[in-house]
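all I have is the shape, not the residue letters:
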């Protein structure tokens, strides 16, 4: 079960990275630090990191609540993993 969760998480992160170019507002939000000179540049997405860190816990809490209710209702976990105790 743990292997499936880790694999699913890695796949989701990979999908986000592939589709990140398709989301125009995620690239350069106001507050992102950008430093450019003649031969180098540095981009630190400060605001983007802040937005993602505010959204991610909400999504994870919703998913964990859904799993807890699923187990509390007596449903087995996927692939016959049994019950959480």
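Structure received. All values derive from a computational prediction rather than experimental measurement.

any idea how far residue 44 is from residue 29?
Using Cβ to Cβ, to the nearest Å, residue 44 is found at 12 Å from residue 29. C-beta coordinates here come from the backbone N, C-alpha and C atoms, glycine included.

between those two, point out the one with more neighbours.
The neighbour count for residue 44 versus residue 29, taken as other Cβ atoms under 10 Å, is higher for residue 29 (14 against 11).

now do the SS call for that one.
At residue 29 the chain is in coil, as set by DSSP: H, G, I helix; E, B strand; the rest coil.

now it, what are its backbone angles?
Phi and psi for residue 29, reported as degrees, to the nearest 10, are phi -90, psi 160.

likewise for residue 14?
Backbone geometry at residue 14, expressed as degrees, to the nearest 10, gives phi -60, psi -40.

helix or strand: which one has residue 16?
For residue 16, the element it lies in under DSSP states H and E is helix 2-19.

and the gap between the residue nearest to residue 28 when sequence neighbours are not counted and residue 47?
Leaving aside its chain neighbours, residue 28 sits nearest to residue 34 (7.4 Å; criterion: Cβ to Cβ, 6 or more residues apart in numbering). Distance from residue 34 to residue 47, counting by Cβ to Cβ: 11 Å.

those two: who's more crowded?
Under the criterion of other Cβ under 10 Å, the comparison of residue 34 against residue 47 puts residue 47 first, with 14 against 10.

ok, for the more buried one, nearest residue in space, not its chain neighbours?
Residue 47 sits nearest to residue 31 (Cβ to Cβ, 6+ apart), 3.5 Å away.
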